[in-house]
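Participant: Got a predicted structure plus its sequence, pasted below:
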Amino acid sequence: MSTLPTNTIKFNTGRTYSAAGQRIAAQRIESGEIVLFDLDRHIDLMLPASIELTQKDVMWAYDLNMHTFPSEIDMSYADYFVIVDALRQLANTVKSI
C-alpha cells in the first residue's frame, strides 16, 4: 500500500453519482488553497485556504459551493490543470462502492 503525501487526500463519499460512487482526490497547494477533482461528476474546483484538508471539511465546502478561482491567487490555468490531471489519476485509484 502506498502512502499519500501529507498534502493530499482521496476517498469515496459513498454517494451514488455513478456505479462506482463518488471518487474524490484533493490536494492543498503551496498557496494554501485546495484543488479538488470529483471523478464521477467530472468536476474540478479550488477551495479556499481556510478549509481543513479532511474529508469532512472538503465535502462541507464542496457542498456549499465555497470555491475560488486560480486567477484569484495569480495561478495560471495551465498550472492549475497540471494539478487537476494528477488528481484525476489519483481519483482513479479510489475504491468503488
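Facilitator: Sure, I can see it.

Participant: Now the closest residue to Arg23 other than its chain neighbours: phi and psi?
Facilitator: Spatially, and ignoring its direct neighbours in sequence, Arg23 is nearest to Val94 (3.9 Å; CB to CB, 6 or more residues apart in numbering). Backbone N, C-alpha and C define where each C-beta goes, glycine included. Backbone torsions for Val94, taken as degrees, to the nearest 10, come to phi -70, psi 140.

Participant: which sections of the protein are below the confidence cut-off?
Facilitator: 1-4 (pLDDT under 70).

Participant: which residue is nearest the middle of it?
Facilitator: Leu36 (1.8 Å; CA atoms, centre = their mean).

Participant: Helices of the protein, start to end?
Facilitator: Using DSSP state H, the helices of the chain run over 55-63, 77-91.

Participant: And the residue nearest to Arg23, how far from Ala19?
Facilitator: For Val94, the distance to Ala19 equals 14 Å [CB to CB, to the nearest Å].

Participant: and the residue nearest to Val58 when sequence neighbours are not counted, how many neighbours?
Facilitator: In space, and not counting its chain neighbours, Val58 is closest to Ala26: 5.3 Å by CB to CB, 6+ apart. For Ala26, the neighbour count with other CB atoms under 10 Å is 27.

Participant: List phi and psi for Ile51.
Facilitator: phi -80, psi 140.

Participant: what sits against the nearest residue to it once chain neighbours are set aside?
Facilitator: Of all residues not flanking Ile51 in the chain, Ala61 sits nearest, at 4.6 Å (CB to CB, 6+ apart). By CB atoms under 8 Å, 6 or more residues apart in numbering, the contact set of Ala61 is Ile34, Leu47, Pro48, Ile51, His67.

Participant: which residues of the chain fall in strands?
Facilitator: 8-12, 23-28, 34-38, 43-47 (DSSP state E).

Participant: now those as TSV including distance to Ile83?
Facilitator: Listed next are these as TSV, based on distance: least, CB to CB, whole Å:
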stretch	distance to Ile83
strand 8-12	10
strand 23-28	6
strand 34-38	5
strand 43-47	9
